[in-house]
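Chemist: return a 3D structure for these sequence lines:
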Amino acid sequence: MDLSEYIVEPLRKNEEFKRLNDRPQPRNVKGTEEAIFAGEQSLGMIINTMPVLAWSAQPDGGVDFFNQRWLDYTGLSLSQARGWGWAKTVHGDDLNRLNDYWRSHIVSGEPGEIEARLRKFDGTYRWFLFRGEPLRDESGEIVRWYGTITDIHGRKLAQERMLRSEAFLAEAQHLARVGSFSWRVATGEIKCSQQLYRIFEFDPVISVTLDIIGSRYHPEDLRLLDDMIGQAQSAATDLEYEYRLLMPDSSIKFLHLVAHASRDHDGLLEYIGAVQDVTQRHLSEAALAKARSELAKVAGVTSLGILTASIAHEVNQPLSGIMTNVSTCLRMLESDPPNIDGARQTVRRAIRDGSRAADVITRLRTLFGKKEVADELVDLNEATREVITLSLSELQRNQVILQLEFADPLPPVRGDRIQLQQVVLNLLRNASEAMNDVVDTPRCLLIGTETDGSNVRVRVQDSGIGFSSEASGRLFESFYTTKKDGMGIGLSVSRSIIEAHHGKLWATPNDGPGVTFVFSIPCEHGS
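Modeler: Take a look at the predicted model:
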């Protein structure tokens, strides 16, 4: 392709080119013309082979030249692309924006650049960076426009993926009520995520400092902030604190902070951490304490220490998992390069643990909610499973092997669900404690349900130490117990509850080690 019309001639029209061209010519005119021709050919080869799409346009913006790479990429001929014919290769969503931008620069005469999608000859689109630069004569008038179009598709997709990942992480932090931060101890520079601004209820335009953070601390917990700063400055360990905020509206928030010490690119001490709003957990714990009190009234007991530890473990386990997952996520995001996929999976685990904690609290409220004695249809399979779920942690700590044998379907019974669950819970705990001294054989616990057509039975069978013949006749007496720290009212209250439901509760020694407790209640016919 002869490029002199588009490249060389405009240059010749330039006043500087004319001045240089008006110098005395060498005598070998033919040799000079050949040299010019060779130079033009060389320039044409460069323009057509350089790894960008190139173009030139008249001062009014009408394009009159594209290099061979542009023609090959778009599949258009030069005659089809001239003027504004090239516009048909631009993505429809980008065309107006690109046209408006190009026309504004024709008017202003300023160089510029803009991103847009360009169609390939096969119909696919890729992102390109369009650049334009004016060529002026000595008077400053534009004599031509020259530009390049560079493929940036890979970079653009990477940017979009990064933006999606950042948006996903921000949403995950919002859902999990977890904010992240970095803190350069030497300079005091603190950077916070949007969610952390929300937790502290800071104006998002302010720069966060230790003094501003301290203004939110509950007065009784300011000593914890001083201690944290001292620990951080000594770089002795990672940080983990629970503290309270006193908000402007006088409400109180409970927060849990974890932070990992590292060194930045300058070798300065930096903490990367997460702060979780655990206010709901504290409120749930308060509700749980109240529920335990109500449960104690139903059962007639004054101490539920073992149950408390079991429930606390059941609730705290997913919450601890959330903090661990969030801390791991932050480390993945701080790695070079960031492990976005790993962080995404870790956040999903944190959300899963959050849901699990919420489910536990829901079950606790259902089980321990205060209400009058009810007369309702009860599915003993479902009611027993709920009690087992709340007791799993305790059973696992005691190394109990749990087996279930539930009849399905099981007809419902009529009565008070909470009272019946208290009986199951009491029998389950007794069975587990009866196996505490078993060390040479497996600690097996079987819970089963069955029906004989007119009654529904629940049995709890352990492999513990059993009871003596003397004890067998007194098991259900008030204040009789074989435990060192027992009160002797659990089985008595349980029998009273079952008899109030027109049923029976009894215990029989197993053929092998242990005892089986069974209660039977009439089932609801016609249900």
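
Chemist: C-alpha from now on. contacts and neighbour counts both.
Modeler: Noted.

Chemist: where along the stretch 351-500 of the chain do the helices fall?
Modeler: Taking DSSP state H, counting those that start in this stretch as the criterion, the stretch 351-500 of the chain carries its helices at 380-397, 417-434, 469-472, 490-500.

Chemist: and the shortest one, average pLDDT?
Modeler: By that I understand helix 469-472. Mean per-residue pLDDT for helix 469-472: 58.

Chemist: for the spatially most central residue of the chain, report the pLDDT, please.
Modeler: With the centre of the chain defined as its mean C-alpha position, the nearest residue by CA atoms, centre = their mean is residue 347, 2.9 Å away. Note for residue 347: predicted pLDDT of 79.

Chemist: residue 82 now?
Modeler: Residue 82 carries a pLDDT value of 90.

Chemist: okay, it and residue 91: tell me how far apart.
Modeler: Applying CA to CA, to the nearest Å, the value for residue 82 to residue 91 is 18 Å.

Chemist: show me the helices in the stretch 151-300 of the chain, by range?
Modeler: Ranges of helices in the stretch 151-300 of the chain, per DSSP H, counting those that start in this stretch, are 153-176, 194-200, 210-216, 222-234, 279-299.

Chemist: mean neighbour count and distance to residue 207 added to the helices of the stretch 351-500 of the chain, as CSV?
Modeler: Formatted as CSV, those follow (neighbours: other CA atoms under 10 Å; distance: least, CA to CA, whole Å):
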stretch, mean neighbour count, distance to residue 207
helix 380-397, 18, 44
helix 417-434, 21, 53
helix 469-472, 11, 72
helix 490-500, 20, 59
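
Chemist: want to throw those into JSON lines with distance to residue 156?
Modeler: Shown next, in JSON lines, are the helices of the stretch 351-500 of the chain (distance: least, CA to CA, whole Å):
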{"stretch": "helix 380-397", "distance to residue 156": "50"}
{"stretch": "helix 417-434", "distance to residue 156": "60"}
{"stretch": "helix 469-472", "distance to residue 156": "79"}
{"stretch": "helix 490-500", "distance to residue 156": "69"}
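
Chemist: to residue 274, which of the ones you listed lies closest?
Modeler: Residue 274 lies closest to helix 380-397 among those, at 27.4 Å (CA to CA).

Chemist: find the nearest non-adjacent residue to residue 59, please.
Modeler: The shortest distance from residue 59 to any non-neighbouring residue, by CA to CA, 6 or more residues apart in numbering, is to residue 144 (5.2 Å).

Chemist: how far does the helix or strand encompassing the one you found sit from its chain's centre?
Modeler: Assigned by DSSP states H and E, residue 144 belongs to strand 142-151. Centre-to-centre, strand 142-151 and its host chain are 46 Å apart (CA atoms, centre = their mean, to the nearest Å).

Chemist: tally of neighbours for residue 280?
Modeler: Counted with other CA atoms under 10 Å, residues neighbouring residue 280 total 12.

Chemist: check residue 196 too.
Modeler: Neighbour count of residue 196, defined by other CA under 10 Å: 23.

Chemist: cool, the one 4 residues further on as well?
Modeler: Other residues within reach of residue 200, judged by other CA under 10 Å, total 19.

Chemist: who's in contact with it?
Modeler: Residue 200 makes contact with 216, 245, 247 under the criterion CA atoms under 8 Å, 6 or more residues apart in numbering.

Chemist: so where's the chain shaky on pLDDT?
Modeler: Residue ranges of the chain with pLDDT under 70: 1-46, 48-50, 163-177, 235-237, 288-318, 320-321, 356, 359-374, 468-490, 525-527.

Chemist: domain parsing for it?
Modeler: Per automatic domain parsing, the structural domains of the chain span 4-151, 178-277, 283-369, 371-522.

Chemist: which one of those lies closest to residue 162?
Modeler: That would be domain 283-369 among those, by CA to CA, at 8.5 Å.

Chemist: how near is residue 199 to residue 242?
Modeler: 14 Å.

Chemist: so between those two, which is more surrounded?
Modeler: It is residue 199, of residue 199 and residue 242, that has more neighbours when counted by other CA under 10 Å, with 18 against 15.

Chemist: neighbours of residue 441, how many?
Modeler: Neighbour count for residue 441, taken as other CA under 10 Å: 10.

Chemist: ok, the one 4 residues further on next?
Modeler: A count of nearby residues for residue 445, using other CA under 10 Å, gives 22.

Chemist: got a list of what it touches?
Modeler: By CA under 8 Å, 6+ apart, the residues touching residue 445 are 400-403, 431-432, 460-463.

Chemist: out of the residues you listed, who's the most crowded?
Modeler: Sorting these by how many neighbours each has (other CA under 10 Å) puts residue 462 first, at 30 neighbours.

Chemist: ok, that one touching residue 444?
Modeler: Yes: when contacts are counted by CA atoms under 8 Å, residue 462 is listed as touching residue 444 (6.0 Å).

Chemist: mind listing the shared neighbours of the two?
Modeler: By CA under 8 Å, 6+ apart, no residue touches both residue 462 and residue 444.

Chemist: residue 522 contacts residue 453, doesn't it?
Modeler: No: contact criterion CA under 8 Å: residue 522 and residue 453 do not qualify, at 9.1 Å.
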